[in-house]
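>>> Everything below, folded, please.
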Amino acid sequence: MSDFPQKVSFIWSVADLLRGPYKPAQYGRVILPLTVLRRLDCVLEPTKAKVVEQQAEAHQLYDLQAKLAAEQVYHSNEIEEFAKVFFKPKGRQASNDHAQMHRILGLSC
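Prediction:
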């Protein structure tokens, strides 16, 4: 029991380090936003994988738009049309989608 005050002192010193330069009146400015962010993280966790996957698809779309621009396909409606066909879910692809993508790119089938 004689080292109890030392342990308490150590814990408080660690707490002081973790608090950083904030005064007690300023804790709410830091803690509340972090609490809200953590809550959002917990609520959105079940859909996180799907969102990350869609973000990857969006990056693919940007790369595709750059490639189409390099191929001199400048009309945005052509790019959007190609993207709609290219990113269709596998179960919903029609038999002529491949030919439609080639037509938009100006390639022969």
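
>>> burial of the closest residue in space to F87 that isn't next to it in sequence, as a residue count?
Closest residue in space to F87, ignoring its immediate chain neighbours: E57 at 6.2 Å, by CB to CB, 6 or more residues apart in numbering. In short, each C-beta sits where N, CA and C put it, glycine included. When neighbours are counted by other CB atoms under 10 Å, E57 registers 12.

>>> Look at E57 and tell me its secondary structure.
helix (DSSP: H, G, I helix; E, B strand; the rest coil).

>>> Quick check: it vs Y27, distance?
41 Å (CB to CB, to the nearest Å).

>>> quick one on the thing from earlier: for A69, see how far away the residue nearest to F87 is.
19 Å.

>>> Same question for S2.
The value you get for S2 to A69, if CB to CB is used, is 75 Å.

>>> who's more crowded, the two?
Higher neighbour count among S2 and A69: A69, with 11 against 5, using other CB under 10 Å.

>>> and the protein, what are its domains?
Domain assignment for the chain by automatic domain parsing gives 4-46, 48-105.

>>> Comparing those, which stretch has the densest surroundings?
domain 48-105 (a mean of 12; mean count of other CB atoms under 10 Å).

>>> Point out where the chain drops to low pLDDT.
1, 72-79, 82, 85, 88-93, 95, 98, 101, 104-109 (pLDDT under 70).

>>> at 90 what do you get?
Low-confidence segments of the chain (pLDDT under 90): 1-38, 40-45, 47-109.

>>> which residues in it form helices?
Here the chain has its helices, by DSSP state H, at 4-19, 27-44, 48-70, 76-86, 97-105.

>>> And the residue nearest to F87, how close does it get to D63?
11 Å.

>>> likewise A49?
Taking CB to CB, one finds A49 at 21 Å from D63.
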